[in-house]
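# Below are the sequence and a predicted model for it; my questions follow.
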Amino acid sequence: MKSNKHRRIWLYILSCFLMALFLSPLYIALTNSFKTPKGIFMNVMSLPSGKFFSLKNYKEAFIQLDFIRSFTNSFLITVSSTILIIILASMAAWMLVRTRSKISTAIFTFFAVAMLIPFQSVMLPLINIMGKIGFLNPCGLVFMYVGFGASLSIILFHGFIKSIPRELEEAAIIDGCNTFQVFWYVVFPMLKPTAVTVAILNIMWIWNDFLLPQLVINKPEWHTIPLKMFFFFGQYSKKWHLALAGLVIAMIPIVAFYIFAQKYIIKGITDGSIK
Amino acid sequence: MRNRRLWYVLFIAPILVAFLAVVIIPALIGIYYSFTDWNGIVNEAKWIGIDNYLEIFTNREEFFNAFMFTAKITAVLVVTINLAGFGLALLVTRGLKFSNFLRSAFFVPNLIGGLILGFVWQFIFTKAFEFIGSKLGWEFMQGWLSTTTTGFWGLVILMTWQLSGYMMVIYIAALQNIPESLNEAAAIDGAGSFQRLRYITVPLIAPAVTVGLFLTLSNSFKLFDQNFALTAGGPYHSTQMLALNIYSTAFTFNKLGTAQAKAVLFFITVALITLTQMYYSKQREVEM
């Protein structure tokens, strides 16, 4: 029994050490973001204090990042893409499951196989085409996210819909619902657990995505947070006090989201990986 | 009957159109472009046969280096991320008092975008490491990211730090599926904790290991953001991975045709890796 207790103490010590190790990069970024340039130069590991303490970094970074606007852009793009993906992918997946035919199997396989294609393999022609049809703007970006998000979301919905019984839908048809009503009032509400998973996976991907917006969006007023951060960092990479304040600001929304939706995020990751 | 067909089209067409326009058509056009002298400036792309591919293989230094760097770092990351993730999962399922808090701490790096994390670690390596190294007189902590070796290990540290929490979540789910009674029975039979780990835990979480291995494999192989933000391929392109190499061929050198040929080769490699993955997971499912 004694050795067991010892072991527990060691486990606690190990846990604390690892936790400190994991959080230290973020801690160092956070503490230095409150320092003056001289404060960073003098001692990276100290806490910001006295004449080396500064809140100005945040004010400046907030303005330079045009944070309210870039946050709004990120938010609108992420939310509208995710909602569209959830609705359109679940509609398609439901139809594919409930209509048993060679075409359905072919379309589903098509979506699944396309997951093999890495983004870099399609990005150059994609931008070329989208430029020609005038899609290099936020609406076009949402359209592209729907296209790229289709495969995984359809696979997840497809797997779940297969497991739910048909009887309810048949009853609704007898009651005189048309196909859309059956889907929207009977099926869609049952898909909630998978919809949450799909939402989490897409939100985390789209919110943090950098390369696609960088290729698609060419007007500063449309910049998303990662994109703004990229230009901001290019400008201030030698001014770490500002760069770090900007980085901390850019991290806040998603960390806040995690605190709010922790349970769903963990579930989403687990469900998403198994498929 | 006609009606049903109409509904079928109405339900599937919207997302199928987006998918075709964004993924399939560009992929097909991309294959065509890889055989042309497309440069993005002149609209007409002239057919030049396999010249782009020949150029990649004759002038191979740079692409070959990127490939080797990618292969090496992927091999290292598959091991480090999965070992760390498994270790963390074991630690947080021991019923310690603040397990939930621990999980969050280990998972947090996953939430943040690769670009932002790359910049944060650039500060850690070039400023914090430098400072600690000079204070303690440890030379190995100085000058990080200025050489190929430190650029390589810098990226390994960043990616392991970021992704082991993700693998931890997957391994936790697998560990929680192991019936408690199995471990208890083995303990009564006199199995030590290492034996239980070796003969009960590891075999039972094998499916999760397959998932973990291939997730890290394909994610590491396709890595872009962190590579771009941490070293941008420097010094002298020596820490450039494949995705970044394609990007810079296209946007720094405007050789879109060559970049697209590289992109096609990249696709073939990624597809081979993923198909091998599916083959093995299918086989394992059959065994079970």
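Structure's in. What do you need?

# use CA for all of it now, contacts and neighbours both
Fine.

# Which is the succeeding secondary structure element to the helix or strand harbouring residue B:15?
Assessed by DSSP states H and E, residue B:15 sits inside helix B:2-19. Sequence-wise, the next helix or strand downstream of helix B:2-19 (DSSP H and E) is helix B:25-33.

# Contacts made by that following helix with the rest, please.
Here helix B:25-33 makes contact (Cα atoms under 8 Å, 6 or more residues apart in numbering or on different chains) with A:121-126, A:129, B:45, B:257, B:260-261, B:264.

# pull the helix or strand with minimum mean pLDDT from chain A.
Sorted by mean pLDDT, DSSP states H and E, the helices and strands of chain A end with helix A:37-42, the least confident at a mean of 86.

# Just list the residues touching the closest residue to residue A:47 other than its chain neighbours, thanks.
Closest residue to residue A:47 apart from its sequence neighbours, by Cα to Cα, 6 or more residues apart in numbering or on different chains: residue A:31 at 6.0 Å. Residues counted as contacts of residue A:31 (Cα under 8 Å, 6+ apart) are A:46-48.

# By neighbours, which of those residues wins?
residue A:48 (20 neighbours; other Cα atoms under 10 Å in any protein chain shown).

# Three-state assignment for the residue of chain A found nearest chain B, please.
Chain B sits closest to residue A:147 of chain A, with a gap of 3.9 Å, by Cα to the nearest Cα. When classified by DSSP: H, G, I helix; E, B strand; the rest coil, residue A:147 comes out as helix.

# And it, what's its pLDDT?
Note for residue A:147: predicted pLDDT of 97.

# where's it relative to residue B:11, distance?
15 Å (Cα to Cα, to the nearest Å).

# how much space between the residue sitting nearest the centre point of chain A and residue B:101?
For chain A, the residue sitting closest to the mean C-alpha position, by Cα atoms, centre = their mean, is residue A:204 at 1.5 Å. From residue A:204 over to residue B:101 the distance is 21 Å, taken as Cα to Cα.

# likewise residue A:195?
For residue A:195, the distance to residue B:101 - Cα to Cα - is 27 Å.

# ditto for residue A:193
From residue A:193 to residue B:101 the distance is 25 Å (Cα to Cα).

# The two: which is more packed in?
residue A:193 (15 against 12).

# in what helix or strand does that one lie?
Going by DSSP H and E, residue A:193 is part of helix A:192-208.

# average pLDDT across that helix?
94.

# most surrounded residue in the contacts of helix B:25-33?
The contacts of helix B:25-33, ranked by neighbours (other Cα under 10 Å): first place residue B:260, 33 neighbours.

# Chain B contacts on the stretch 1-150 of chain A?
A:11-12, A:15, A:19, A:22-23, A:25-26, A:28-29, A:43-45, A:85, A:88-89, A:91-93, A:95, A:114, A:116-118, A:120-126, A:128-129, A:143-144, A:146-148, A:150 (Cα under 8 Å from any Cα of the partner chain).

# switch the cut-off to 7 Å
A:19, A:22-23, A:25, A:29, A:44, A:88-89, A:91-92, A:95, A:116-118, A:120-122, A:125-126, A:143-144, A:146-148, A:150 (Cα under 7 Å from any Cα of the partner chain).

# Out of these, name the ones that lie in helices.
A:19, A:22-23, A:25, A:29, A:88-89, A:91-92, A:95, A:120-122, A:125-126, A:143-144, A:146-148, A:150 (DSSP state H).

# Only whichever of the residues you listed are buried, select them in PyMOL.
To isolate the buried ones among those in PyMOL, judged by 16 or more other Cα atoms under 10 Å in any protein chain shown, type:
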select buried, chain A and resi 19+22+25+29+88+89+91+92+95+120+121+122+125+126+143+144+146+147+148+150
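
# where along the stretch 51-200 of chain B do the strands fall?
When assigned using DSSP state E, counting those that start in this stretch, the stretch 51-200 of chain B turns out to have no strands.

# now it, which segments are flagged as low pLDDT?
Counting by pLDDT under 70, the stretch 51-200 of chain B has low-confidence residues at B:60.

# Minimum distance to chain A, which residue of it gives it?
For the stretch 51-200 of chain B, Cα to the nearest Cα, closest residue to chain A: residue B:113, 4.5 Å.

# okay, now the closest residue to that residue other than its chain neighbours: neighbour count?
Using Cα to Cα, 6+ apart and skipping the chain neighbours, the partner closest in space to residue B:113 is residue A:208 (4.5 Å). By other Cα under 10 Å, 24 other residues sit near residue A:208.

# how close does residue A:208 sit to residue B:116?
9 Å.

# ditto for residue A:23
From residue A:23 to residue B:116 the distance is 15 Å (Cα to Cα).

# Spatially nearest residue to residue A:173 (excluding sequence neighbours)?
residue A:182 (7.0 Å).

# Quick one: residues contacting the one you found.
A:169, A:172-173 (Cα atoms under 7 Å, 6 or more residues apart in numbering or on different chains).

# And the buried ones among the residues you listed, selectable in ChimeraX?
To isolate the buried subset of the contacts of residue A:182 in ChimeraX, counting by 16+ other Cα under 10 Å, use the following:
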select /A:169,172
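
# Now, the contacts of residue A:182 that are in helices?
A:169, A:172-173.

# which among those residues gets closest to residue B:68?
residue A:169 (54.4 Å; Cα to Cα).

# which other helices and strands contact the helix or strand harbouring residue A:62?
Secondary structure assignment for residue A:62, by DSSP H and E: helix A:56-64. Contacts defined by 3 or more Cα pairs under 7 Å, 6 or more residues apart in numbering or on different chains; DSSP states H and E place helix A:56-64 against helix A:240-274.

# Using JSON lines, please lay out the contacts of residue A:182 together with pLDDT and distance to residue B:70.
Output for the contacts of residue A:182, formatted as JSON lines (pLDDT from 0 to 100; distance: Cα to Cα, whole Å):
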{"residue": "A:169", "pLDDT": "91", "distance to residue B:70": "50"}
{"residue": "A:172", "pLDDT": "91", "distance to residue B:70": "54"}
{"residue": "A:173", "pLDDT": "90", "distance to residue B:70": "55"}
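
# Closest to residue A:225 out of the contacts of residue A:182?
residue A:169 (42.9 Å).

# List the residues that contact the closest one.
Here residue A:169 is in contact with A:182, A:186 (Cα under 7 Å, 6+ apart).

# Which residues of chain B lie near chain A?
B:8, B:11-12, B:14-15, B:18-19, B:22-23, B:26-27, B:29-30, B:102, B:105-106, B:111-113, B:116, B:120, B:124, B:128, B:131, B:161, B:169-170, B:173, B:243, B:263-264, B:266-267, B:270-271, B:274.
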